[in-house]
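S.K.: how does the following fold in three dimensions:
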Amino acid sequence: MKTTFTYASVLTTVFAVAGIAAAETGTSRTTVSGAALVGGYMDEGIGYGYHASTLEEGVLRGAGALVRSIGEGNYYNSLASINYADAYTRYLQNREHATETYFRMRQINTAGRQAERQPRWSYEQYVSMAKNNAPDNLNEQQYDRTLGRLTWPALLNGDEFAPEREALNRAFLVRSPGDSGAATAFYAQVQQLTTQMGGKLLSKLDQMTPAEYVAAKKFIDGLAYESQQPLVVRSLAAR
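M.R.: Numbers count the residues shown, from 1 in each chain. Okay, here's the model as predicted:
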């Protein structure tokens, strides 16, 4: 346990010691080589600086020095506490400023990104646009009916669409004039593959522009529509 000294306790101790000293019979004096030894000091009167004349005075002077040192210790401890409190307050203020700066920079960065980002459509907007712009069938540049060759839009040439794209290329390449209508295997195959491709397209809405989505969706719908229509082949000479 830490002991706390107060002026009252110190003075009480001093007076107790002084009383004990006063109760002794006289002051012990010893003569050494003609000089008086008083309370442990050589009393020659000259040459050794000032010293207490009596034991009581020496005790009181020592007690006074002790009290002064305790007071100075308390004073400097108080200054240290004040300095620590001031330093800690400044630390908290700096932390608060740093935190405010961090979140302000994040807010500015987020606002800048949103300003540069192209506006995204909702799912309903994409579906509505696709329905309004659905083609009746593919044009000659998209589907060469004589050679059975498909020309895909750029977005559908990605690796994620490769399985459906290759299967549809084979189906249209070997298509015969009788491959049309809901009762044919060609129709069922094309409907299944275009449905799968359309699902993948929807999963990538946040990675494409509205124009890219419309072009890809039109082409997929055109493939599905072609499977319902009779195949009309023009001769190479006519072309």
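S.K.: C-alpha from now on. contacts and neighbour counts both.
M.R.: Fine.
S.K.: quick one: mean pLDDT for the lengthiest helix in the chain?
M.R.: With DSSP state H applied, the helix covering the greatest number of residues in the chain is identified as helix 55-116. Mean per-residue pLDDT for helix 55-116: 81.
S.K.: mind giving me the packing neighbours of it?
M.R.: Under the contact criterion of 3 or more CA pairs under 8 Å, 6 or more residues apart in numbering; DSSP states H and E, helix 55-116 touches helix 7-23.
S.K.: correct me, but Phe161 touches Met197?
M.R.: Yes: applying CA atoms under 8 Å, one finds Phe161 in contact with Met197, separated by 6.6 Å.
S.K.: between these two, tell me which one has more neighbours.
M.R.: Remark: of Phe161 and Met197, Met197 carries more neighbours, 21 against 16, as counted by other CA atoms under 10 Å.
S.K.: and this structure, what are its domain boundaries?
M.R.: In the assignment given by automatic domain parsing, the structural domains of the chain cover 7-115, 123-226.
S.K.: setting aside sequence neighbours, what's the nearest residue to Ala224?
M.R.: Spatial nearest neighbour of Ala224, excluding adjacent residues (CA to CA, 6 or more residues apart in numbering): Gln191 at 5.7 Å.
S.K.: burial check on the one you found, number of neighbours?
M.R.: When neighbours are defined as other CA under 10 Å, Gln191 has 20 of them.
S.K.: over to Tyr91?
M.R.: If you count neighbours by other CA under 10 Å, Tyr91 ends up with 12.
S.K.: distance of it relative to Tyr84?
M.R.: Counting by CA to CA, to the nearest Å, the gap from Tyr91 to Tyr84 is 10 Å.
S.K.: repeat for Val67
M.R.: 26 Å.
S.K.: and the helix or strand where Lys217 lies, C-alpha only, in CSV?
M.R.: Lys217 is located in helix 210-226, with elements delineated by DSSP states H and E. Provided in CSV are the C-alpha atoms of helix 210-226 (Å, rounded to 0.1, in the frame of the first residue of the first chain):
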residue,chain,number,x,y,z
PRO,A,210,-27.9,-0.6,-72.0
ALA,A,211,-26.9,-0.6,-75.7
GLU,A,212,-24.8,-3.8,-75.4
TYR,A,213,-27.7,-5.5,-73.5
VAL,A,214,-30.3,-4.6,-76.2
ALA,A,215,-28.1,-5.8,-79.1
ALA,A,216,-27.4,-9.1,-77.3
LYS,A,217,-31.0,-9.7,-76.2
LYS,A,218,-32.3,-8.9,-79.7
PHE,A,219,-30.0,-11.5,-81.2
ILE,A,220,-31.0,-14.2,-78.7
ASP,A,221,-34.7,-13.5,-79.2
GLY,A,222,-34.1,-13.5,-83.0
LEU,A,223,-32.6,-17.0,-82.8
ALA,A,224,-35.6,-18.3,-80.8
TYR,A,225,-38.0,-16.7,-83.3
GLU,A,226,-36.1,-18.2,-86.3
